[in-house]
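1. What follows is a predicted protein model with its sequence.
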Amino acid sequence: MIVASLPARAQSKPRRIGFLGVRSRSTAAKPDPYYDAFSAKLRELGYTEGSNIIVEWRFADGRYERLPGLADELIKANVEILVTHSTPGAQTLQRATSTIPIVFMAVGNPLELGLVRSLSRPGGNITGVANMTNEVGPKQVQLLKAMLPKISRVGVLFNPQNTTAIVILESVQNAGRQIGVQSLPLSVRRTEDFEAAFGDARNARIDALIVAADTLFIAERRQIIERAAKMRLPAMFAFPEDAEAGGLVSYGPSLTEVYARAGVYVDKILKGAKPAEIPVEQPTQFSLVVNAKTASAIGLKLPDSLLSRADRVIR
């Protein structure tokens, strides 16, 4: 008797995603909470890396000049969707392709940057989750003034390779002029530049520091916090995670949530949605987080008026 064999169950082909990382990816012993938040959201939505989804990871390790070459690698890998973070990453992918869907996260204002035609209907092959950090500069200046009424000179740590960081610098300068606070630009392109930047800050006798949002500064968060503490320099950061790590004060959106939301966009596109028709998501909350332990360590007494306005005080 001949028994006909049953046809093998068809196996669906894994979906292929390309991720252009501007920072490096941390080791297992020191995971990156943001990249991990993106991956965790994909798992929550039913995607298992190496099974029904393959993520081609590429990392520039903070070297922005490497981004175009890495973008080309991802396109040649025949990915279905390209994902990236930060303004430089999004601008690189936008220049690299006008056909492969792109999901960005943690950029400034994507409309002003020319990434989309409108926030409600992006109109091209790119959409995602903005953090709108270019709009918080004036508020950060006001908060520093409330914390340090006699402040007259603020240093602004920024990366001139990041369009959004330049916009933040300009907004801080404009806001400072209105209340009599001078802003000193402190340019940092690479890790090696921090020594000179903080040296300039020391020589200029600045009263406080604003750290403009930039992926290099996220990667070097610990160094910035430690250098500011050593100088007993009050520092304002862009994200709650900065204050949680020991920064004095932060005002801005949660980056962890921004990265997680990008996973939702990937899911929508994999299920057939078009980037042109998916509205750009903006943060719904900008949090003021104050680290009272850091204030005590640098000998700063925080005014009750600031503490009462804070969304969270770390003690």
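-> Structure's in. What do you need? As the structure is a computational prediction, the values presented were derived from the model and not from experiment.

2. all contacts plus neighbour counts: C-alpha atoms, from now on.
-> Will do.

3. now the strands: where do they sit in the stretch 1-150 of the chain?
-> Listed in chain order, the strands of the stretch 1-150 of the chain (DSSP state E, counting those that start in this stretch) span 15-21, 53-59, 81-85, 102-107, 126-130.

4. okay if I get those as JSON lines plus distance to Arg66, mean neighbour count and mean pLDDT?
-> Converted to JSON lines, the strands of the stretch 1-150 of the chain look like this (distance: least, Cα to Cα, whole Å; neighbours: other Cα atoms under 10 Å; pLDDT from 0 to 100):
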{"stretch": "strand 15-21", "distance to Arg66": "10", "mean neighbour count": "22", "mean pLDDT": "97"}
{"stretch": "strand 53-59", "distance to Arg66": "9", "mean neighbour count": "17", "mean pLDDT": "96"}
{"stretch": "strand 81-85", "distance to Arg66": "14", "mean neighbour count": "26", "mean pLDDT": "98"}
{"stretch": "strand 102-107", "distance to Arg66": "18", "mean neighbour count": "28", "mean pLDDT": "96"}
{"stretch": "strand 126-130", "distance to Arg66": "21", "mean neighbour count": "30", "mean pLDDT": "97"}
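
5. closest one to Met231 among those?
-> Shortest distance between Met231 and these, using Cα to Cα, is found for strand 102-107: 29.7 Å.

6. now for the closest one, which elements pack on it?
-> strand 81-85, helix 87-96, strand 126-130, helix 255-270 (3 or more Cα pairs under 8 Å, 6 or more residues apart in numbering; DSSP states H and E).

7. still on that earlier bit, quick one: the strands of the stretch 1-150 of the chain as TSV, columns for distance to Arg221 too.
-> Putting the strands of the stretch 1-150 of the chain into TSV (distance: least, Cα to Cα, whole Å) gives the following:
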stretch	distance to Arg221
strand 15-21	17
strand 53-59	18
strand 81-85	17
strand 102-107	16
strand 126-130	21
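
8. what about these, which gets the closest to Leu255?
-> strand 102-107 (7.1 Å).

9. List of residues touching the closest one?
-> Residues from elsewhere that reach strand 102-107, judged by Cα atoms under 8 Å, 6 or more residues apart in numbering: 81-87, 90, 93-94, 125-133, 164, 255, 258-259, 262, 265-266, 275.

10. so what's Trp181 up against?
-> One thing to correct before we go on: residue 181 is Val, not Trp. Neighbouring residues of Val181 by Cα under 8 Å, 6+ apart: Ile151, Ser152, Arg153, Val154.

11. Just name the closest of those residues to Ile53, please.
-> For the contacts of Val181, the residue nearest Ile53 by Cα to Cα is Val154; the value is 46.8 Å.

12. Helix or strand: which one has that closest one?
-> Per DSSP states H and E: Val154 is located in strand 153-158.

13. Following the chain past that strand, name the next helix or strand.
-> Next element after strand 153-158 (DSSP H and E): helix 163-178.

14. Averaged pLDDT, that next one. What do you get?
-> Average pLDDT, helix 163-178: 95.

15. Which positions within stretch 144-154 qualify as buried?
-> Buried residues in stretch 144-154, counted by 16 or more other Cα atoms under 10 Å: Leu144, Lys145, Met147, Leu148, Ile151, Ser152, Arg153, Val154.

16. Reformat those residues as JSON lines; add pLDDT and distance to Leu20.
-> What follows is the buried residues of stretch 144-154, written out as JSON lines (pLDDT from 0 to 100; distance: Cα to Cα, whole Å):
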{"residue": "Leu144", "pLDDT": "96", "distance to Leu20": "35"}
{"residue": "Lys145", "pLDDT": "95", "distance to Leu20": "38"}
{"residue": "Met147", "pLDDT": "95", "distance to Leu20": "38"}
{"residue": "Leu148", "pLDDT": "95", "distance to Leu20": "40"}
{"residue": "Ile151", "pLDDT": "95", "distance to Leu20": "40"}
{"residue": "Ser152", "pLDDT": "96", "distance to Leu20": "40"}
{"residue": "Arg153", "pLDDT": "97", "distance to Leu20": "37"}
{"residue": "Val154", "pLDDT": "98", "distance to Leu20": "34"}
